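Asks: Build me a structure from this.
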Amino acid sequence: MKTSLFLAMSVCLLFGCSQTVTDGPLMTFDRLEDDLGDVKEGVEIPRVFKVTNTGTKPLTIKPPYSSCGCTVPKLKKTLLVPGESTDLTVQIDTSMKQGEVTKTVHIESVGEPPQFVNLYLSMNVENRHKNLSVDGKAKFLTDEKCISCHVSEGVGQFGKELFKSDCAMCHGENAEGKMAPSLNNRDLESPSIRKQIWDVTAYGSKRHASMPGFIEDAGGPLAREQVDSLVNYLATLKDKK
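Replies: Below you'll find the predicted structure:
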């Protein structure tokens, strides 16, 4: 036990742990935040975190998961003896990302009590709403990682529910604007403006490549009735304002 305790303390000093050695497993990371700085849109970026068992008993770690399908964490080993380390690799796909972005990876250990740790990866994705790569635009509606966040939740939905599932991530919960422009201030009583909003929703924006076409005719996941329901919902937001 003394040898294990000494080994765990040595590892903790080596990696700069802020936690004290405990009589049991203890999951410690070399860092909890990672700033990727300025990155391109449409690329995949790998990052590696070091996780160490700085406790005195074997550590079992559950499979990590992320806040978004575009961020894929993989743990090299899930069982660590005291003093042992392993790599946690995080692959980030920046397709359809713009501006300041933060992704979260969640890790949990097995034990009593279990440990819960969040790792944060922040970046500034270039080309905000312009010069979006063709591959990045296609990924939005075709890549499995992107579909899980931007498409799947809207299947079978209409109106407000469909907007919150497929549109709110970029346009804001109440269409107030976020990474994409606000939509709650448009005069949808005007036939020309209503047609413009409908056309952009269905067939994509000619000015902003980050807005693809969502209707089935354009390769998207939505039926014409669903596009109609989105425009009708946006009209109610204008009425509320």
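Asks: Do I have it right that Asp187 meets Ile193?
Replies: Yes - contact between Asp187 and Ile193 holds when scored by C-beta atoms under 8 Å: they sit 5.4 Å apart. (Each C-beta comes from the backbone N, C-alpha and C, glycine too.)
Asks: ok, and the closest non-adjacent residue to Val81?
Replies: Pro58 (5.4 Å; C-beta to C-beta, 6 or more residues apart in numbering).
Asks: and if you look at Lys62?
Replies: Glu108 (4.7 Å).
Asks: What count of nearby residues applies to the one you found?
Replies: Glu108 has 15 neighbouring residues, counting by other C-beta atoms under 10 Å.
Asks: Can you say which helix or strand has it in it?
Replies: Assigned by DSSP states H and E, Glu108 falls within strand 99-110.
Asks: contact partners of that strand?
Replies: 25, 27, 51, 59-62, 64-68, 70-71, 73, 75, 88, 90, 92, 94, 114-125, 128, 179 (C-beta atoms under 8 Å, 6 or more residues apart in numbering).
Asks: Average pLDDT for it, rounded please.
Replies: Strand 99-110 carries an average pLDDT of 92.
Asks: Report the strands that pair with that strand, each with its relative direction.
Replies: Paired neighbours of strand 99-110 in the sheet (DSSP bridges): strand 59-61 (antiparallel), strand 65-66 (antiparallel), strand 116-125 (antiparallel).
Asks: Give me whichever of those is most buried.
Replies: strand 59-61 (a mean of 21; mean count of other C-beta atoms under 10 Å).
Asks: those helices in the chain, which residues are they?
Replies: 2-15, 134-142, 144-150, 159-166, 168-171, 191-203, 224-240 (DSSP state H).
Asks: Least confident of those, on average?
Replies: Lowest mean pLDDT within the helices of the chain: helix 2-15, a mean of 41.
Asks: related to what we said a few turns ago, tell me which residues in the strand holding Glu108 are buried?
Replies: Across strand 99-110, burial judged by 16 or more other C-beta atoms under 10 Å covers Val101, Lys103, Val105, Ile107, Ser109.
Asks: which strand residues sit across from the closest residue to the second one other than its chain neighbours in the sheet?
Replies: What that stands for is Lys103. Take Lys103 and drop its neighbours on the chain: the residue closest to it by C-beta to C-beta, 6+ apart is Thr71, 4.4 Å away. As for beta bridges, Thr71 partners with Ile92 under DSSP bridges.
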